[in-house]
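Enquirer: Okay, sequence plus prediction incoming.
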Amino acid sequence: MKIGKLSIFLFGLMSACGEKQEAQEIALVVERTEGIKVYQSANTCEKCHEQHVREWEISSHAYSAKDPVYHAMTRMGQAQSNGKLNQFCIQCHSPVAFANKSAPVYFDAEVGLYKQDTENLGAIAGREVEGEGVTCDVCHSMVQVIEEVNARADYLPDNVKRGGIKDPVATKAHQSKFDQLQKESKTCGPCHAVTNPKGAKLEETFPEWENSSFNRPGGKTCQGCHMPEYKGQAASQGAEGDALIPQRTLHRHIMPGVDVSLLPRGEFPGYDELRAAVAALLQESAEINASVDPASKSLAVNIKNLAGHALPSGATAERQMWLEIIIRNQDGDVVFESGTLDPDKNLRSDDPLKTTMPGTDPQLVLYFQQMYNDPKMDDPNSTAPAKKVNFPWQANKRVNYLIAVDSSETKTYDLSEIPAGQYSASVRLMFRAFPPYFLKELEEKAGLDPSIRIDHLPIMEMETFQIESFTF
């Protein structure tokens, strides 16, 4: 796969939420090419690095170009933005395809819509690497982070593989080079901090970490949590002159976050393995405690954020973290519940567009990001109200309802309507990557397969706390 040195960045407006944004007719992506180079497929790497590739191939990095939600959002986003979404998404979801200009945005006159074909990347023989998402050679060809936002990084696929081993064993397969950048969180920043061209901060995971105690002496890098260490051989063969390949401290390449494959079990590898890894990571991310005050007839729940970023994090407009509270009497009957679901498995919020049972859970505790399109951002004199929106290309500001890094939060439930008696309480902190109403809109407007929502969308338990008995 021939391409050149690539420097990619998106013109994101980095002003704070609430500030006026100036309308600009600018190209979304700027690139430069210097010479002809080659990105290699993970299939090539697998010959010597079987363990790393086996782990990577079930990861969200490998899934990023295969994710059906990403494809549906691309279809919907290009159509609704009249093509102005351009290469915004693909530059992180499939950097090699972006570099090769393999998915141009075009106008389909037959249907009257702008389109971008992202689903069959990698199908052409010799160009398989384009469909591998964030493949091995993307990270190991990074030479410079220009800025930790919107894919602003330099990549040089020059057959020099950059890594975190200071004394790599020589091999004829490629040159090897120690690069401190590979051990630093800033490597992750370009794709884990996203601001759209209207100024809405869609993802803030890197700056959350950067401003936390984790970014201090004795703290942890992104790799420290998401690529845990183990002892092993970096390669199984290929050492020049049959040199000994030593045991080293290496890093896992499953790289769990919060996303898992939503494809049918046989269409992407590691269906259960990645889910188990994500569940384990989520269970290490928070701690909850609960207590009942009989005098005030209330339940207090404290959530402590143990992660190196906010909870939830990532594309937080699509994430949901919430408290589920179920209180039962001595006969096992439910006398109070919050954080339980409607028949469509949506949370029972007060928004009639997001549940069939609006207003039936007035004490719901939900953590997420709400995006808005606010006319005042373009015209301070506008009297039109801000409108809630669900998709990133629609937003020009956001409001976060998150638990900040290095912090905890206590929520109190009013139980005054429960009569005198003896009770037990179950408290669970729950998480899912997408709410069903979000996916259902993609089904209706972008052709997303309903089975993704119905059969493959997991809800994960992050933490649980039981109060076996209390009396009012």
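Expert: Okay, I see it. Bear in mind the structure is a predicted one, so any value in this text is a computation, not a measurement.
Enquirer: Which parts of the stretch 201-350 of the chain are helices?
Expert: Here the stretch 201-350 of the chain has its helices, by DSSP state H, counting those that start in this stretch, at 205-210, 222-226, 271-283.
Enquirer: and those as a markdown table, adding mean neighbour count and mean pLDDT?
Expert: All C-beta atoms are positioned from the backbone trio N, CA, C, and that covers glycine. Formatted as a markdown table, the helices of the stretch 201-350 of the chain follow (neighbours: other Cβ atoms under 10 Å; pLDDT from 0 to 100):
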| stretch | mean neighbour count | mean pLDDT |
| --- | --- | --- |
| helix 205-210 | 23 | 98 |
| helix 222-226 | 19 | 98 |
| helix 271-283 | 17 | 98 |
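Enquirer: how about these, which one is nearest Ala310?
Expert: Nearest to Ala310 among the helices of the stretch 201-350 of the chain is helix 205-210 (4.9 Å), distances taken as Cβ to Cβ.
Enquirer: Count the residues that sit near the closest residue to Thr187 other than its chain neighbours.
Expert: Nearest residue to Thr187, sequence neighbours excluded (Cβ to Cβ, 6 or more residues apart in numbering): Leu181, at 5.7 Å. Using other Cβ atoms under 10 Å, Leu181 has 16 neighbouring residues.
Enquirer: ok now do Leu181, which residues does it touch?
Expert: Met142, Val143, Gln144, Val145, Arg162, Thr187 (Cβ atoms under 8 Å, 6 or more residues apart in numbering).
Enquirer: and with 7 Å instead?
Expert: Contact partners of Leu181, counting by Cβ atoms under 7 Å, 6 or more residues apart in numbering, are Met142, Val145, Thr187.
Enquirer: Show me what the first one bridges to in the sheet.
Expert: The one in question is Met142. Bridge pairing for Met142 (DSSP bridges) gives the partners Tyr155.
Enquirer: so who does it touch?
Expert: Per Cβ under 7 Å, 6+ apart, neighbours of Met142: Ala153, Tyr155, Arg162, Leu181, Thr187.
Enquirer: which residues sit in contact with the residue nearest the centre of the chain?
Expert: Nearest to the mean C-alpha position of the chain, counting by Cα atoms, centre = their mean, stands Gly314 at 4.3 Å. With contact set as Cβ under 7 Å, 6+ apart, Gly314 has these partners: Glu203, Thr205, Gly257, Val258.
Enquirer: measure it to Ser60 for me?
Expert: Remark: distance between Gly314 and Ser60 (Cβ to Cβ, to the nearest Å) = 10 Å.
Enquirer: shared neighbours, these two?
Expert: Joint contacts of Gly314 and Ser60 (Cβ under 7 Å, 6+ apart) are Gly257.
Enquirer: May I ask you to confirm that Val53 is in contact with Lys47?
Expert: No - taking contacts as Cβ atoms under 7 Å, Val53 lies outside contact range of Lys47: 9.1 Å.
Enquirer: which of those two has more neighbours?
Expert: Val53 (19 against 13).
Enquirer: Not including adjacent chain positions, what is the nearest residue to Ser313?
Expert: Closest to Ser313 by Cβ to Cβ, 6+ apart is Thr205, at 4.6 Å.
Enquirer: Model confidence score at the residue nearest to the centre of the chain, please.
Expert: Listed pLDDT for Gly314 reads 95.
Enquirer: Kindly report the same for Tyr39.
Expert: With respect to pLDDT, Tyr39 has a value of 90.
Enquirer: now Lys5
Expert: 44.
Enquirer: Strands along the stretch 351-472 of the chain, start to end?
Expert: In the stretch 351-472 of the chain, the segments counted as strands under DSSP state E, counting those that start in this stretch are 366-373, 387-389, 397-401, 408-414, 422-432, 460-471.
Enquirer: whoops, the stretch 201-350 of the chain was the one
Expert: Counting by DSSP E, counting those that start in this stretch, the strands of the stretch 201-350 of the chain are 201-203, 229-233, 247-251, 286-293, 298-305, 320-329, 334-338.
Enquirer: Could you double-check that Lys440 sits in contact with Leu457?
Expert: No - taking contacts as Cβ under 7 Å, Lys440 lies outside contact range of Leu457: 10.9 Å.
Enquirer: what about the residue nearest to Thr187, which SS state?
Expert: Using DSSP: H, G, I helix; E, B strand; the rest coil, the structure places Leu181 in helix.
Enquirer: any idea how far it lies from Lys397?
Expert: Leu181 is 33 Å from Lys397, by Cβ to Cβ.
Enquirer: Can you tell me how far the residue nearest to Ser407 when sequence neighbours are not counted is from Asn159?
Expert: In space, and not counting its chain neighbours, Ser407 is closest to Asn305: 5.8 Å by Cβ to Cβ, 6+ apart. Per Cβ to Cβ, Asn305 is found 42 Å from Asn159.
Enquirer: One more: Ala123?
Expert: 25 Å.
Enquirer: Compare the two (neighbour count), which wins?
Expert: Asn159 (13 against 10).
Enquirer: what's the burial count for the closest residue to that one other than its chain neighbours?
Expert: Nearest non-adjacent residue to Asn159, counting by Cβ to Cβ, 6+ apart: His174, 5.0 Å away. His174: 18 surrounding residues under other Cβ under 10 Å.
Enquirer: Also the one 3 residues further on?
Expert: One way to gauge burial is a neighbour count; for Lys177, by other Cβ under 10 Å, it gives 14.
Enquirer: For the protein, which residues score under the pLDDT cut-off?
Expert: By pLDDT under 70, the low-scoring segments of the chain are 1-37.
Enquirer: swap the cut-off to 80 and go again
Expert: Scanning the chain for pLDDT under 80 picks out the ranges 1-38.
Enquirer: leaving aside the residues next to it on the chain, what's closest to the residue in it sticking out farthest from the centre?
Expert: Of all residues in the chain, Ala420 has its C-alpha farthest from the mean position, at 45.1 Å, by Cα atoms, centre = their mean. By the measure of Cβ to Cβ, 6+ apart, the closest residue to Ala420 outside its immediate chain neighbours is Phe472, 5.3 Å from it.
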